[in-house]
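Visitor: Make a model of this:
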Amino acid sequence: MQNDFKSPAFRKLLDSLQQQSWELELIISGFAIFGLFTAYEPLRIGVENAQNEQQIYQFVLLLVAFIACSILLFNLLLHVVLRGLWIGALGLRYVSGDIEFDKLNYSDQFKNYLQKKIVSFDRYIGNLENYCSVLFAISFLLIFHVLALTIIVLSIALVANFVLDNDELPKWLSNWIGIPLIVFICLGMLFTFIDFITQGLLKRNKWVSKIYFPFYWVFSFLTLSFLYRPLVYNFLDNRFGKRIIYFLTPIYIFILMLSGLEYRNSNYLEKDNSSSTIYANKENYMDMMKADKDYPGEAVIPSKVITTKFLPVFIPYSENVENRIFAFEESLKMDEDRRGLISTNFRVSTNWSDEITSRRQKDSIRKHYLKIFNETHFFKVDSLVYDSDFIVTTNAKDRLGFETFLSLRGIEDGQHQLRVMRKKRQKDTIITVIQESIPFWYFKEN
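Guide: Numbering: from 1, shown residues only. Coordinates of the predicted model:
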């Protein structure tokens, strides 16, 4: 059948489908909730790991997915609860029919009040049906709003990185192009937000709408609104849809504020304090971390209690580590930073001799890279100083990093403090900072 939206047959088909849409809503909600609950925890862990590893692209993608997952979970769970209430109300109507206020034998004051508020049981069922249908539609509309906000923020970041901070462009050209683009995007974001909150205020005045239209046209592509624009305006031309939006907005704000609250039961002690001479955080002890849930700190040792004659120390790699090396030794900084997203599926073949030369160059650079890392790091166990002798490795939890072993000969039994020291350039001088301080207990093996 041809989908001619003007034909009576197509309208009749849509009327028939919307009467049975609740069945599809429940089926989709059930499968979606199951999938979202399965994905929620891996997404949360992925966001934390990407943030700790400073992988900005992965962090943004996972954060958007996590926010979308949270919004859908809340809305679809609320939808299922309301649909269950609606089905229960339908079953009760089949048994009991409408509400007969005369049989309740209430006083006239209560009888008149309840009749005014409830009106009829059928009206209550109809309202529940409207709430369920609108809530189901708005759940997926909100995902597009999250994507729109993400694209706008990424657009500002891309203009700043590839235009304003582009060394290959003349400064006057990057400023003349980049600054107007940033201003345009920021103004457009502000106007779009005002228009969204006021539900079309900027479109009503003749002169204001002429100024706003260029921003609206550009942002219709930037925010992907051409995909969901009919849904938005169908909400806005309906009083009931507006009421739902006004009702849900403060709830989302309240949930956001509630998620940032925590109960503090001490004036001085906190669970997340960094390791020091008086505190031991589990992020610095390999045996205390869960493989998928915990991310290591700046440095990690096997356990709080060391019984061997040596102390393994692992420093996990992050982009920040490499940035520190570049800041200390500028000769290692490449003309073109190759970090970021790369394609591993398609690679152009090169001459074999060129590939051998490239490998040798890379090995030489890697050795220099590791040499600088060792030069900039050393250790203190209490007052004893140890030079570092790191190699690159992956630990038992498949994390890339740097590992070395410190001899504990001559160390007495009892509590000790390991300090990971790091040298860094500050203008024309080299200063030393404590990168990590980890307490441990040493007891010699028998």
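Visitor: Now Lys423: closest residue in space that isn't a chain neighbour?
Guide: Closest residue to Lys423 apart from its sequence neighbours, by C-beta to C-beta, 6 or more residues apart in numbering: Thr376 at 4.6 Å. (C-beta placed from N, C-alpha, C; glycine too.)
Visitor: scratch that, Asp165
Guide: Ser174 (7.8 Å).
Visitor: residues contacting the one you found?
Guide: 163-166 (C-beta atoms under 8 Å, 6 or more residues apart in numbering).
Visitor: Can you check those residues and name whichever has the most neighbours?
Guide: Counting neighbours by other C-beta atoms under 10 Å, Val163 leads the contacts of Ser174 with 18 neighbours.
Visitor: Tell me where the stretch 251-400 of the chain has strands.
Guide: Using DSSP state E, counting those that start in this stretch, the strands of the stretch 251-400 of the chain run over residues 305-306, 310-316, 377-381, 384-387, 391-394, 400-407.
Visitor: which one is Ala299 nearest to, not counting chain neighbours?
Guide: Glu436 (4.1 Å).
Visitor: what's near enough to touch the one you found?
Guide: Residues near Glu436 by C-beta under 8 Å, 6+ apart: 275, 284, 297-299, 419-420.
Visitor: Assign it to helix, strand or coil.
Guide: Three-state assignment for Glu436 (DSSP: H, G, I helix; E, B strand; the rest coil): strand.
Visitor: What's the separation between it and Arg422?
Guide: As judged by C-beta to C-beta, to the nearest Å, Glu436 and Arg422 stand 9 Å apart.
Visitor: now Met288
Guide: To Arg422, Met288 is 24 Å away according to C-beta to C-beta.
Visitor: mind listing the helices for the stretch 251-400 of the chain?
Guide: 319-328, 352-376 (DSSP state H, counting those that start in this stretch).
Visitor: Confidence-wise, which of those helices is weakest overall?
Guide: Of all those, the minimum mean pLDDT falls on helix 352-376 (a mean of 74).
Visitor: State the helix or strand in which the residue nearest the centre of the chain lies.
Guide: Nearest to the geometric centre of the chain sits Leu63, at 1.7 Å (C-alpha atoms, centre = their mean). Counting by DSSP states H and E, the element that carries Leu63 is helix 56-96.
Visitor: Point out the other helices and strands that that helix packs with.
Guide: helix 21-52, helix 121-159 (3 or more C-beta pairs under 8 Å, 6 or more residues apart in numbering; DSSP states H and E).
Visitor: quick one: which of Met288 and Arg422 has more around it?
Guide: For Met288 versus Arg422, neighbours defined as other C-beta under 10 Å are more numerous around Arg422 (20 against 14).
Visitor: Tyr106 in helix, strand or coil?
Guide: Recorded secondary structure, Tyr106: coil (three-state DSSP).
Visitor: quick one: pLDDT of it?
Guide: 84.
Visitor: for the one 4 residues further on, same thing?
Guide: Phe110 carries a pLDDT score of 86 in this model.
Visitor: That one: helix or strand, and which one exactly?
Guide: helix 108-118.
Visitor: now the angle between helix 121-159 and that helix, please.
Guide: 50 degrees (axes from the mean of the first three to the mean of the last three C-alpha atoms, to 10 degrees).
Visitor: ok, and what's touching helix 108-118?
Guide: 99, 101, 104, 106, 124.
Visitor: still on that earlier bit, list just the one of the strands of the stretch 251-400 of the chain that sits closest to Arg239.
Guide: strand 310-316 (55.4 Å; C-beta to C-beta).
Visitor: which helices and strands sit right next to that closest one?
Guide: Counting by 3+ C-beta pairs under 8 Å, 6+ apart, strand 310-316 packs on strand 377-381, strand 400-407, strand 414-426.
Visitor: Could you list the buried residues of the longest one?
Guide: Using 16 or more other C-beta atoms under 10 Å as the burial criterion, the residues of strand 414-426 that qualify are 416, 418-422.
Visitor: which one of those residues sits closest to Ser70?
Guide: Out of the buried residues of strand 414-426, the member with the shortest distance to Ser70 (by C-beta to C-beta) is Val420, at 36.6 Å.
Visitor: Give me the distance between the closest one and Arg123.
Guide: Counting by C-beta to C-beta - Val420 and Arg123 are separated by 69 Å.
Visitor: ok, now Phe162?
Guide: To Arg123, Phe162 is 57 Å away according to C-beta to C-beta.
Visitor: one step back: take the helices and strands packed on strand 310-316 and lay them out in TSV including distance to Phe193.
Guide: Compiled in TSV, these are given as follows (distance: least, C-beta to C-beta, whole Å):
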stretch	distance to Phe193
strand 377-381	47
strand 400-407	41
strand 414-426	41
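Visitor: is it possible to export those to a markdown table including mean pLDDT and distance to Phe191?
Guide: Below are these laid out as a markdown table (pLDDT from 0 to 100; distance: least, C-beta to C-beta, whole Å):
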| stretch | mean pLDDT | distance to Phe191 |
| --- | --- | --- |
| strand 377-381 | 93 | 51 |
| strand 400-407 | 92 | 45 |
| strand 414-426 | 92 | 44 |
